[in-house]
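Novice: Please find the sequence and the predicted model below.
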Amino acid sequence: MGSSLLAVSIFTIFLCIYDKAIGWAPSDRTEGFVSLPLNSSNFHIHKPRNLPENQRYRFIDGIHWFWVFSTDKPLSRNSNTKPRSEIRIRGYDYSSGVRQFEGYGYVPNGTSGVCIMQLFGANRTATTLMMRVYDGKLMYYRREVLVPYIYDEWFRLNVIHDVGAGKVSVFINGVLKLEFNDSGGTFHYFKCGVYAQGDDSYYMESRYLVIFQWPVPSVSLHCDCQAALAKAKSKTYNAKRRHIRLRHNLVKQYLSEGTIALDFVRSERNLADPLTKPQINKVVYEASQGMGLKLVA
């Protein structure tokens, strides 16, 4: 386990250096977003129904490896879809707010006619977005070429979905490549891997490193009480009074969805303190300045 984590760290550092060396845009597309914790419980593997997981997916040294053959069976017995080996990110389905998928991807030469990333959920179709590869070209479905040649190089993919505005933005290596109106839908989630499409090659493969899902918190809350923060973030806290328990569960839900963010702030830097409790003149004056208020003579 230690050597695997070391390899991931070294490889991630290498990618950051490579990021700058080849001139990827320096701006951080995740700025203003909050990282959601992802572990193996959030990665649901979709694979040919008759094969064990390790014959079409492996997680080695921090890299997710996906491969499939055009002759493989579909996901389920009643499915008429083509073969796939994908991660379906679960536990963070969303229907509002702003969400972002970020990952470093790799597609080897020869893989073609395949979807390597999906934004699932739409009104009239299954997906709002499919990132496909055809003969080395990275495409939006089969409508628009985003990168003319994607083979044998790591690339950074950021997909931002603003549900309220109905907008989807796609960045490759930090550069905006596509922006379009979404297709509606009651809920959404992200997928990545390989999913055969039309004119698929016999063998299809992709790899992903560092898969993240980021929400933008609608409300950022600051609290100067560590005990209150611990209770709000605890999964086992259970108040005796029903109304408190219901409020706690609601806070946990908003935290898990990324609707709110809770951060600790020291009392002396908590600008709201004079609005909720008596304070000395110095604290009231400094808080008023911090809020941009002016004293009226």
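Specialist: Yep, it's here. Numbering: from 1, shown residues only.
Novice: Could you double-check that R99 sits in contact with F212?
Specialist: No - the pair R99 / F212 is not scored as a contact, 10.8 Å apart, by CB atoms under 8 Å. Just so you know, the C-beta spots here come from the backbone N, C-alpha and C atoms, and that holds for glycine as well.
Novice: helix, strand or coil for the residue nearest the centre of the chain?
Specialist: Taking CA atoms, centre = their mean as the criterion, Q213 is the residue nearest the geometric centre of the chain, at 1.5 Å. Counting by DSSP: H, G, I helix; E, B strand; the rest coil, the backbone at Q213 sits in strand.
Novice: Dig out what it forms beta bridges with.
Specialist: Note on Q213: beta-bridge partners by DSSP bridges are F101.
Novice: ok, now how distant is it from R207?
Specialist: 18 Å (CB to CB, to the nearest Å).
Novice: So between R99 and F212, which is more surrounded?
Specialist: For R99 versus F212, neighbours defined as other CB atoms under 10 Å are more numerous around R99 (25 against 17).
Novice: show me where this structure has helices.
Specialist: 2-21, 226-233, 242-257, 273-276, 281-290 (DSSP state H).
Novice: that older thread, my read is that the residue nearest to the centre of the chain contacts V34, right?
Specialist: No - the pair formed by Q213 and V34 falls short of the contact definition of CB under 8 Å, at 10.2 Å.
Novice: how is this protein carved up into domains?
Specialist: Per automatic domain parsing, the structural domains of the chain span 2-215, 219-290.
Novice: contacting residues around stretch 125-135?
Specialist: 107, 111-122, 138-142, 146, 150, 157, 159, 161, 168, 170, 182-183, 185, 188, 197, 199 (CB atoms under 8 Å, 6 or more residues apart in numbering).
Novice: Now which of these would you call buried?
Specialist: Applying a neighbour-count criterion of 16 or more other CB atoms under 10 Å, the buried members of the contacts of stretch 125-135 are 107, 111-122, 138-140, 146, 150, 157, 159, 161, 168, 170, 182-183, 185, 188, 197.
Novice: what stretches of this protein score poorly on pLDDT?
Specialist: 1-28, 217-220, 235-247, 256-259, 261, 263, 266-274, 287, 290-291, 295-297 (pLDDT under 70).
Novice: if we go to 80?
Specialist: Applying pLDDT under 80 to the chain flags the ranges 1-32, 34-37, 210-297.
Novice: ends of stretch 197-210, how far apart?
Specialist: This stretch, stretch 197-210, spans 25 Å end to end (CA to CA, to the nearest Å).
Novice: Which residues belonging to that stretch are considered buried?
Specialist: Neighbour-count burial for stretch 197-210 [16+ other CB under 10 Å]: 197, 200-201, 203-210.
Novice: And for stretch 82-98?
Specialist: In stretch 82-98, counting by 16+ other CB under 10 Å, buried: 82-89, 92-94, 97-98.
Novice: now, among these, which is nearest to T71?
Specialist: Among these, P83 lies closest to T71 (CB to CB), at 7.7 Å.
Novice: and the closest one, what does it touch?
Specialist: 48, 68-74, 195-196.
Novice: Tabulate those in JSON lines, adding columns for neighbour count and distance to G103.
Specialist: Shown next, in JSON lines, are the contacts of P83 (neighbours: other CB atoms under 10 Å; distance: CB to CB, whole Å):
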{"residue": "P48", "neighbour count": "19", "distance to G103": "23"}
{"residue": "V68", "neighbour count": "28", "distance to G103": "18"}
{"residue": "F69", "neighbour count": "15", "distance to G103": "24"}
{"residue": "S70", "neighbour count": "14", "distance to G103": "24"}
{"residue": "T71", "neighbour count": "9", "distance to G103": "28"}
{"residue": "D72", "neighbour count": "21", "distance to G103": "23"}
{"residue": "K73", "neighbour count": "14", "distance to G103": "27"}
{"residue": "P74", "neighbour count": "18", "distance to G103": "25"}
{"residue": "Y195", "neighbour count": "26", "distance to G103": "15"}
{"residue": "A196", "neighbour count": "22", "distance to G103": "20"}
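Novice: tell me the two of those residues that are most distant?
Specialist: T71 and Y195 (15.1 Å).
Novice: Could you report the neighbour count for G164?
Specialist: Counted with other CB under 10 Å, residues neighbouring G164 total 9.
Novice: ok, for it, nearest residue in space, not its chain neighbours?
Specialist: S96 (6.7 Å; CB to CB, 6 or more residues apart in numbering).
Novice: Got phi/psi on that neighbour?
Specialist: Torsion angles at S96 (phi, psi; degrees, to the nearest 10) stand at phi -150, psi 170.
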